[in-house]
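Colleague: no sequence on hand, only this structure:
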């Protein structure tokens, strides 16, 4: 008999975190699960740790493969999944012990395609819940899934642009439970990060939600997202981020064009491109980049003069932003690179000081 939930864990050199992650899954109050641990060519002791766990619990299934990246690892996990629903967990994170029981029960009771919970960001010294201004439960059916949730994944509209830190909060895959047939029947796959650089979760979800007929949001923080792992993709300086974001935008635009999704969807993507100036700017200011002030100013100027970025900023719904963000994006629109530099410098200082600040585009891919 197939398990109720398959939990896919892509693993690359995560020996320091695996015990915490796997224990939180094995101790789930929902026992009818399988844990598909995809060892993506780890060179540390991750594989031997996994092998020890398989001897203790038959619910752990290990896929050992050459390194191809997190997207390929997740795709292999989906192909191997036998559960009625599929969940994703990153190996440096952990989950509440009732997470999958409560999410599965809600999914089965409402017969929905996708269930989403909220999450807590863990910084080692403190925790910070990602709060969503939503009711305890919110059900979306049929057209609502596209007009509200799919559009929200493409980008924000109106009052939503007031909170840049929520740009990708909806797009994470590890906060969701998916009906397995929804993923397999529609052949939805994660796109390789070497192509799009970031946000593979959001792009994946855009394809999934387009085919979904029901979605249930649970305003309960079941997932613990670890933010102190310096080896994480999102913690590292990426000199190709601007170029890869352009490929991401092109992939989203191509999807919208193919499906005939216009009007609000186009404006939402435009707002996403504008707001990503912040994420790309913070990437330039990353302390790991070891760039000089002059070089950072040059890169910021280049970013603001980018044709697609410049066009999007001219159409950005600036009127919905609070003063602090209105100032930032107005300076970006006017291409005042020195002002953007010093504002980013301040944001980066705050972010590094309390690790609870701006997290634009970093919780997703």
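Modeller: That came in fine, so what should we check first? Model, not experiment: these values are computed from the prediction.

Colleague: strands along the protein, start to end?
Modeller: 5-11, 33-40, 60-65, 85-88, 94-95, 114-122, 127-129, 137-141, 176-179, 214-226 (DSSP state E).

Colleague: between the last one and strand 137-141, how many degrees?
Modeller: When axes from the mean of the first three to the mean of the last three Cα atoms, to 10 degrees is applied, the directions of strand 214-226 and strand 137-141 differ by 130 degrees.

Colleague: so what secondary structure elements neighbour strand 214-226?
Modeller: In terms of contacts (3 or more Cβ pairs under 8 Å, 6 or more residues apart in numbering; DSSP states H and E), strand 214-226 is packed against strand 94-95, helix 99-110, strand 114-122, strand 137-141. For the C-beta atoms, the positions are set from N, CA and C on the backbone; glycine is no exception.

Colleague: which residues are contacting the shortest one?
Modeller: If I follow you right, that is strand 94-95. 20, 21, 23, 24, 25, 28, 89, 222, 223, 224, 226 (Cβ atoms under 8 Å, 6 or more residues apart in numbering).

Colleague: mind putting these in CSV, pLDDT and neighbour count included?
Modeller: What follows is the contacts of strand 94-95, written out as CSV (pLDDT from 0 to 100; neighbours: other Cβ atoms under 10 Å):
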residue, pLDDT, neighbour count
20, 97, 14
21, 98, 23
23, 98, 12
24, 98, 18
25, 98, 23
28, 98, 21
89, 98, 24
222, 98, 20
223, 98, 25
224, 97, 20
226, 92, 19
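
Colleague: just these now: which is nearest residue 264?
Modeller: Distance to residue 264 across the contacts of strand 94-95 (Cβ to Cβ) is lowest for residue 223, with 29.0 Å.

Colleague: wait, what's in contact with that closest one?
Modeller: Contacts for residue 223 (Cβ under 8 Å, 6+ apart) come out as 89, 93, 95, 96, 99, 117, 118, 119, 120, 174, 175.

Colleague: rerun at 6 Å
Modeller: Counting by Cβ atoms under 6 Å, 6 or more residues apart in numbering, residue 223 makes contact with 95, 119, 174, 175.

Colleague: now render the strands of the chain as TSV, adding distance to residue 311.
Modeller: Output for the strands of the chain, formatted as TSV (distance: least, Cβ to Cβ, whole Å):
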stretch	distance to residue 311
strand 5-11	36
strand 33-40	38
strand 60-65	41
strand 85-88	34
strand 94-95	41
strand 114-122	32
strand 127-129	35
strand 137-141	32
strand 176-179	33
strand 214-226	32
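
Colleague: which of those has the lowest mean pLDDT?
Modeller: Looking over the strands of the chain, mean pLDDT reaches its minimum on strand 127-129, with a mean of 92.

Colleague: tell me what it is packed against?
Modeller: strand 114-122 (3 or more Cβ pairs under 6 Å, 6 or more residues apart in numbering; DSSP states H and E).

Colleague: for residue 173, give me its contacts.
Modeller: Residues counted as contacts of residue 173 (Cβ under 6 Å, 6+ apart) are 88, 201.

Colleague: please redo it, this time with the cut-off set to 7 Å
Modeller: Contacts here follow Cβ atoms under 7 Å, 6 or more residues apart in numbering; on that basis residue 173 touches 88, 201, 204, 205.

Colleague: pretty sure the second one is touching residue 175, no?
Modeller: I take that to be residue 201. No - with contact defined as Cβ atoms under 7 Å, residue 201 does not reach residue 175; the gap is 9.4 Å.

Colleague: picking up where we left off before, could the contacts of residue 223 go into TSV alongside neighbour count and distance to residue 106?
Modeller: Putting the contacts of residue 223 into TSV (neighbours: other Cβ atoms under 10 Å; distance: Cβ to Cβ, whole Å) gives the following:
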residue	neighbour count	distance to residue 106
95	23	15
119	23	16
174	20	17
175	27	14
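
Colleague: what's the closest of those to residue 14?
Modeller: For the contacts of residue 223, the minimum distance to residue 14 (Cβ to Cβ) is 14.3 Å, reached by residue 174.

Colleague: helices and strands of this protein: which one has the lowest mean pLDDT?
Modeller: helix 193-196 (a mean of 76; mean pLDDT, DSSP states H and E).

Colleague: that helix packs against which elements?
Modeller: Contacts defined by 3 or more Cβ pairs under 7 Å, 6 or more residues apart in numbering; DSSP states H and E place helix 193-196 against helix 241-259.

Colleague: list the buried residues for the helix it packs on?
Modeller: Buried positions in helix 241-259, judged by neighbour count with 16 or more other Cβ atoms under 10 Å: 241, 242, 244, 245, 246, 248, 249, 251, 252, 253, 255, 256.

Colleague: hang on, the earlier thing: closest to residue 128 out of the contacts of residue 173?
Modeller: residue 201 (19.9 Å).

Colleague: residues near that closest one, how many?
Modeller: If you count neighbours by other Cβ atoms under 10 Å, residue 201 ends up with 25.

Colleague: what do you get for the one 4 residues further on?
Modeller: For residue 205, the tally of surrounding residues (other Cβ under 10 Å) stands at 27.

Colleague: that one reaches residue 152, doesn't it?
Modeller: No - with contact defined as Cβ under 7 Å, residue 205 does not count as touching residue 152 (9.9 Å).

Colleague: including distance to residue 35, could the contacts of strand 94-95 go into CSV?
Modeller: Output for the contacts of strand 94-95, formatted as CSV (distance: Cβ to Cβ, whole Å):
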residue, distance to residue 35
20, 14
21, 10
23, 11
24, 11
25, 5
28, 9
89, 9
222, 16
223, 16
224, 17
226, 18
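
Colleague: just give me the closest of these to residue 4.
Modeller: residue 28 (10.6 Å).

Colleague: and the closest residue to that closest one other than its chain neighbours, how close does it get to residue 277?
Modeller: Among residues not flanking residue 28 along the chain, residue 100 sits closest, at 5.2 Å (Cβ to Cβ, 6 or more residues apart in numbering). Going from residue 100 to residue 277 by Cβ to Cβ, to the nearest Å gives 37 Å.
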